[in-house]
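Trainee: Sharing a sequence plus its predicted fold:
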Amino acid sequence: MSFVRTYTKPRVFAAAVLGSLVVGALLGVVARQTEAGWLTDLLDQIGTIFTTLLQIAVIPLVFTAIVVGINSLRKLGGGRTAARLGGKTVLWFAITSFIASLIGIAVGRIFNPGSGGLGGVEATAKNADKAAKSVDHWGSWDAFVNGLLPENFVKAFSDGETLQVLFLALVIGAAAYSLGEKAKPFVDFTTSVFEIIQRYLGWIVRLAPIGIIGLIGAAVSNYGDALFRPLFSTTLAVYVGCLLVLFVVYPILLQFVAKVSPLKFFAKAGTAIQFAFASQSSAATLPLTRQSAVNLGVQPAYAAFATPLGSATKMDGCAAVFPAIAAIFVANLAGVSLNFWQYVGIVVVAVVGALATAGTTGWLTAFTLTTSFIGLDAKQVALGLALIYSVNPIMDMMRTATNVAGQIVVPTIVARSEGLLDDEVLNAPTDRPEHSDDGTSARHAEPAPA
């Protein structure tokens with residue numbers, strides 16, 4: 001059945017998200033001005049519960065979606081077809097990451113965030129300690145490579161290691177694909193689990209407006225002016241960079257490469273992008289991402305493969321625009337001028353290091369990999385990270401929305417080049433998709449619950 005239709009119409013969802021943002025900000029201001037600790041705690045608890053409910057599903061969702069997606073490629077042809085589609089998908093991931101990183105560098109040079117040093121801004125002890133531990137854990141290529149292979153199957157799941165689970169899913173999915181009918185019971189079971197997780201997330205999506213109130217309210221109450229003053233130029237630069245990718249780069253690619261109207265794209269992908277903005281999680285948005293691709297006419301079998309892969313590795317906001325701007329921010333704090341080859345390093349990490357951005361720590365991994373790769377001082381990196389933590393919830397909304405848009409754009413481009421884009425579905429009314437996410441006709445799909 002269609003995941004999107006189980007929630008509500010895009011315009012209603014958009015209104016609910018915007019209204020929740022306003023209400024949450026107002027409650028946060030009230031809590032801060034009146035020093036109502038109980039209200040801050042309540043808002044924080046609401047946001048934490050909502051985030052936890054989303055994260056519960058992330059690891060099983062990534063695993064089942066990848067396994068199901070790989071095996072769904074059987075419907076499109078043999079192994080050569082699957083390899084060609086996979087290769088084209090990864091190539092376009094790299095191309096768009098390259099463009100996004102250049103935009104991040106350009107915007108960072110223009111806004112020059114952090115120029116003039118600290119300027120009276122101080123990192124809190126809590127954030128500084130958190131940042132130091134983060135840099136130590138995530139700040140090297142060795143840590144990334146060593147962390148790719150799990151010690152054992154169960155530990156990868158129990159520790160919530162998204163990248164390791166992704167690796168296992170790719171290997172197991174490929175093995176099941178090669179076994180054919182022998183692996184059918186396993187694939188059928190995995191598909192059932194995947195559908196159950198999607199239904200669970202469909203229920204959680206309905207709680208998004210309440211969760212947004214808690215997340216935004218707690219952020220405003222806890223940080224107040226820190227959200228808008230000391231790091232305003234950095235936050236603004238991230239938003240401008242992401243908006244350029246979202247509303248300039250993607251529309252150009254859609255119009256001239258995929259031959260898809262950008263207006264049609266945003267009409268059909270809007271709900272997924274809005275939920276990504278609110279939830280700050282590409283993985284939690286995956287069912288909506290997948291359905292949006294299908295609603296745009298992408299063959300369901302290919303969408304089932306490309307979107308889960310993209311949810312873990314295709315992050316133009318977190319892994320391209322943001323680390324470029326953040327690296328310039330840290331360099332300015334340290335009074336260091338980046339040279340040409342350091343800027344080249346930023347681009348290399350954005351293109352080659354996409355896999356390192358898997359999961360909920362995607363922005364953090366991209367940040368530490370980039371800054372360490374170009375040789376910035378570890379102490380300054382930790383300080384910059386501590387400062388970024390204070391505005392990260394605000395930045396992460398725009399970054400994640402950009403990530404998810406890219407995860408829909410690339411399958412659309414590849415589908416067009418492979419003749420897997422159905423123009424009849426693409427041009428169907430926005431609120432009444434012709435296909436459900438399993439590829440069946442919407443006219444015969446199970447009706448959405450009330």
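Mentor: Happy to help now that I have it.
Trainee: Give me the neighbour count for the residue lying closest to M315 once chain neighbours are set aside.
Mentor: What sits nearest to M315 in space, not counting adjacent residues and going by Cβ to Cβ, 6 or more residues apart in numbering, is N403, at 4.4 Å. (Each C-beta comes from the backbone N, C-alpha and C, glycine too.) When neighbours are counted by other Cβ atoms under 10 Å, N403 registers 32.
Trainee: Could you pull up the residues touching N403?
Mentor: 276, 282, 314-318, 362 (Cβ atoms under 8 Å, 6 or more residues apart in numbering).
Trainee: repeat for A156
Mentor: 150, 164-165, 168.
Trainee: Looking at these, spot the one nearest S261.
Mentor: Closest approach between these and S261, by Cβ to Cβ: V165, at 36.4 Å.
Trainee: what number of residues lie near that closest one?
Mentor: Number of residues near V165 (other Cβ under 10 Å) recorded here: 25.
Trainee: so A326, which of the three states?
Mentor: helix (DSSP: H, G, I helix; E, B strand; the rest coil).
Trainee: right, and it touches T371 too?
Mentor: Yes. Using Cβ atoms under 8 Å, A326 makes contact with T371 at a distance of 7.4 Å.
Trainee: what do the two both touch?
Mentor: G384.
Trainee: rewinding a little: lowest-confidence entry in the contacts of A156?
Mentor: Lowest pLDDT within the contacts of A156 is found at P150 (76).
Trainee: Wait, a helix at it?
Mentor: No. Assessed with three-state DSSP, P150 is coil; it does not lie in a helix.
Trainee: So for it, what's the nearest residue that isn't a sequence neighbour?
Mentor: Nearest one to P150, counting by Cβ to Cβ, 6+ apart, is A156 at 3.7 Å.
Trainee: Averaged pLDDT, stretch 333-347. What do you get?
Mentor: 85.
Trainee: how far does it stretch from start to finish?
Mentor: 21 Å (Cα to Cα, to the nearest Å).
Trainee: got the buried residues for that stretch?
Mentor: 333-334, 336, 338, 342-343, 345-347 (16 or more other Cβ atoms under 10 Å).
Trainee: For the stretch 251-400 of the chain, just list every one of the helices.
Mentor: Applying DSSP state H, counting those that start in this stretch to the stretch 251-400 of the chain gives helices spanning 262-279, 282-295, 300-313, 316, 322-334, 340-352, 362-373, 378-417.
Trainee: Any chance of JSON lines for those, columns distance to S97?
Mentor: Below are the helices of the stretch 251-400 of the chain laid out as JSON lines (distance: least, Cβ to Cβ, whole Å):
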{"stretch": "helix 262-279", "distance to S97": "17"}
{"stretch": "helix 282-295", "distance to S97": "14"}
{"stretch": "helix 300-313", "distance to S97": "10"}
{"stretch": "helix 316", "distance to S97": "6"}
{"stretch": "helix 322-334", "distance to S97": "11"}
{"stretch": "helix 340-352", "distance to S97": "5"}
{"stretch": "helix 362-373", "distance to S97": "10"}
{"stretch": "helix 378-417", "distance to S97": "8"}
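Trainee: of all those, which gets the most neighbours per residue?
Mentor: The highest mean neighbour count among those, using mean count of other Cβ atoms under 10 Å, belongs to helix 316: a mean of 34.
Trainee: thinking again about what came up before, what distance do you get for the residue nearest to M315 to V62?
Mentor: 14 Å (Cβ to Cβ, to the nearest Å).
Trainee: ditto for L253
Mentor: 26 Å.
Trainee: between those two, which one's more packed in?
Mentor: Neighbours were counted for L253 and for V62 using other Cβ under 10 Å; V62 has more, 26 against 21.
Trainee: got the contact list for that one?
Mentor: If you count contacts by Cβ under 8 Å, 6+ apart, V62 has them with 162, 165-166, 169, 283, 286, 308, 311-312, 359.
Trainee: Closest one to S417 out of the residues you listed, please.
Mentor: Nearest to S417 among those, with distances taken as Cβ to Cβ, is P308, at 20.3 Å.
Trainee: Which of the helices and strands in this protein ranks last by mean pLDDT?
Mentor: Counting by mean pLDDT, DSSP states H and E, the weakest-scoring helix or strand in the chain turns out to be helix 125-138, with a mean of 51.
Trainee: mean pLDDT for the helices of the stretch 251-400 of the chain: which is lowest?
Mentor: helix 362-373 (a mean of 72).
Trainee: center of the protein - which residue?
Mentor: Residue closest to the average C-alpha location in the chain (Cα atoms, centre = their mean): S282, at 3.3 Å.
Trainee: Just the mean pLDDT for the one helix or strand V90 maps to, thanks.
Mentor: Here V90, judged by DSSP states H and E, is contained in helix 79-111. The average of the pLDDT scores along helix 79-111 is 89.
Trainee: Equivalent analysis for stretch 33-42, please.
Mentor: 89.
Trainee: Identify all contacting residues around that stretch.
Mentor: Residues contacting stretch 33-42 (Cβ under 8 Å, 6+ apart): 27-28, 30-32, 214, 217-218, 221-222.
Trainee: buried residues in that stretch?
Mentor: Quick answer for stretch 33-42 (16+ other Cβ under 10 Å): 39-40, 42.
Trainee: With stretch 182-202 instead?
Mentor: Residues of stretch 182-202 classed as buried: 183, 187, 190-191, 193-195, 197-198, 200-202 (neighbour count, 16+ other Cβ under 10 Å).
Trainee: sorry, back to before: so which of the contacts of A156 comes closest to P262?
Mentor: Closest to P262, out of all of the contacts of A156 and judged by Cβ to Cβ, is V165, at 34.0 Å.
Trainee: give me the element that closest one is part of.
Mentor: Taking DSSP H and E as the criterion, V165 maps to helix 162-179.
Trainee: so what does that helix touch, helix or strand wise?
Mentor: helix 58-72, helix 153-158, helix 300-313 (3 or more Cβ pairs under 8 Å, 6 or more residues apart in numbering; DSSP states H and E).
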